[in-house]
Each structure stands twice: as C-alpha cells, then as structure tokens.
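**Q** Test case, fold it:
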Amino acid sequence: MNIVITNGTHEADFLVKKFRHEKHNLTMINTNREFGKYISGSNKVPVLFGDPTKAFVLEDAAIERADVLIALSENDIDNFVTCMTAKTLFQVKRTVCVVRNPKRVDLFKRLGVDSVICSTYLIGESIKNQSVLDDFIQTISIENDKILITELVIEDSYVIAHKKIKDAELPKSVNVSCIYRDPEVVIPDGETTILPGDKLVMTSTPDNNQMMVEFIQKRTNDNE
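**A** Numbers count the residues shown, from 1 in each chain. Sure, this is the predicted structure:
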C-alpha cells in the first residue's frame, strides 16, 4: 500500500515505524525541515519539504499514486484542506484527518474526509458508552490494542502538579492530548500548567503505557 503522511512529529514517527514494519511504501511531506531530516534519517523514508495544503507540493510527492493520505498537522483546517485537495484533485482513495477540536469531527466527515480522528472525541464517545467510569484512571484501547488512550487524575502531591508542560520533563513517549479541567477541555501546549484535579488524556503504545502512568503518578516524597 502507498501511504503519504503530512506533517506531525512524534505521532508521525510512530506511524512511519509501524507502517515500515508492515512493508508499506511511505512518503512524508513536512514543513519542519529539521524534524523531516530526523524522520528521513532514522526511518530511511523519503521526505519532501513543503506545505501539503498546496496542490503543487502534493503533485511533487506523486500523491496520485497514494492509496491513503494521513494529515497530522496541529492545524485542523490545514489537515482538512490537505485531505480535500488530495481527494478532489488527485483522486486519492482514502483520506485520514487528525483534528484537535472534537466539534469538527462530524463536520469534516460530512464535507468529504473519509476518516476524522480526534482523541477527545474518541474519549467522549467511549466514556458515554461505559456504564462505570473509574474516577482515578481509565484506559481505552483502539486499533486492536495498538494504541492506548489513558486518562489520569492529577493529585497535588504529584511531581508534575503545578508545573508547565515544557518544564515537567515528560519523556518523549508521553503525549498529552488534552486536559479535562471541569467544565472545560484544554488543548495543551508547552505553556499549559498542570493543576491538581486535572484529568490528563494521553496516548501511548502498550509497550510504554505502564512507564507513562508511573511517571505521571510519581510523588514529591517518593525519593525521601
């Protein structure tokens, strides 16, 4: 299968490693030249540097031969434009769009994107269908247990409490997708401060899930 992945950082790295293991043909398009070089060097896949919302960039990547396009930009609209350009101009068979805003899932599907993925939306749908929800920790698996979505409640005694994400020294494998801070849902960045009572929604592989949970739950007195 020919797969084109546009933008993204650690999630792109994860998908590339997964798809290479399954012997798919991969092409990357990335606006971040430094990360693109890392992806290319560590995974031995071709990377085209450019804006995937532009038709000529997709054309340079031979998008017309793609079976699947996966758009991983942090900008929802960029992902939508990339998918629709690939689908309408180059007849790509299947488009997958990642979004941060859960309100856009149904909208983008109605407008023609084949698959729209939002971790917040998946969490909401899964929780809605559960009869019992553990208030402390909840783990939901998707894609046949290849990806885990874990929700953890932050306590005041945790080391990461009251720290900004950029200062929390999170391992590279820890990806905080969103934070439930009643009554709001916060889409975090490096400046977001983690507060007691926050519910962190994180994605991981089964291999690093336990390490992630142990890191988040480390308490300030653990080393005393």
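**Q** Next, the residues that contact the lengthiest helix in the chain from outside, please.
**A** Of all the elements of type helix in the chain, the one with the most residues (DSSP state H) is helix 76-90. Contact partners of helix 76-90, identified using CB atoms under 8 Å, 6 or more residues apart in numbering, comprise 4, 6-7, 52-53, 55, 58-59, 63-64, 66, 69, 71-73, 92, 95-101, 104, 108, 111-114. C-beta here means a position set from N, CA and C on the backbone, and glycine is covered the same way.
**Q** which residues of the protein score low on pLDDT?
**A** Within the chain, the stretches with pLDDT under 70 are 119-146, 222-224.
**Q** That one - how does it break down into domains?
**A** The record's domain parsing of the chain by automatic domain parsing lists 2-117, 124-216.
**Q** In helices only, show me the contacts of helix 76-90.
**A** Secondary structure assignment by DSSP H places 55, 58-59, 104, 108, 111 of these in helices.
**Q** Quickly name whichever of these is closest to residue 184.
**A** Ranking the ones in helices among the contacts of helix 76-90 by separation from residue 184, with CB to CB as the measure, puts residue 104 on top at 17.5 Å.
**Q** Could you report the neighbour count for that closest one?
**A** Neighbour count for residue 104, taken as other CB atoms under 10 Å: 20.
**Q** Next, find the distance separating residue 221 from residue 68.
**A** Between residue 221 and residue 68 the distance, using CB to CB, to the nearest Å, works out to 49 Å.
**Q** what about the two, which has more around it?
**A** Set side by side, residue 221 and residue 68 show more neighbours around residue 68, with 19 against 8, by other CB under 10 Å.
**Q** which residues does that one bridge with?
**A** Counting by DSSP bridges, residue 68 forms beta bridges with residue 3, residue 94.
**Q** Pull the number of nearby residues for residue 208.
**A** Residues within reach of residue 208, counting by other CB under 10 Å, total 15.
**Q** looking at it, it is touching residue 173, isn't it?
**A** Yes. Because the distance of 4.4 Å satisfies CB atoms under 8 Å, residue 208 is recorded as touching residue 173.
**Q** Residue 17 and residue 29: what is the separation?
**A** To residue 29, residue 17 is 18 Å away according to CB to CB.
**Q** Spatially nearest residue to the most centrally placed residue in the chain, not counting backbone neighbours?
**A** With distances taken as CA atoms, centre = their mean, the chain has residue 11 as the residue nearest its mean C-alpha position (5.4 Å). Leaving out its chain neighbours, the residue that sits closest to residue 11 by CB to CB, 6 or more residues apart in numbering is residue 72, at 5.8 Å.
**Q** what residues are up against that neighbour?
**A** Applying CB under 8 Å, 6+ apart to residue 72 gives the contacts 5-8, 11-12, 15, 79, 98.
**Q** between these, which is nearest residue 164?
**A** Checking these against residue 164 with CB to CB, the nearest one is residue 11 at 21.5 Å.
**Q** ok, that closest one touching residue 173?
**A** No. Between residue 11 and residue 173 there is no contact, the gap being 11.2 Å when judged by CB under 8 Å.
**Q** Kindly reformat the contacts of residue 72 as JSON lines and extend each row with distance to residue 156.
**A** As requested, these are exported to JSON lines (distance: CB to CB, whole Å):
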{"residue": "5", "distance to residue 156": "40"}
{"residue": "6", "distance to residue 156": "41"}
{"residue": "7", "distance to residue 156": "37"}
{"residue": "8", "distance to residue 156": "34"}
{"residue": "11", "distance to residue 156": "31"}
{"residue": "12", "distance to residue 156": "35"}
{"residue": "15", "distance to residue 156": "36"}
{"residue": "79", "distance to residue 156": "37"}
{"residue": "98", "distance to residue 156": "33"}
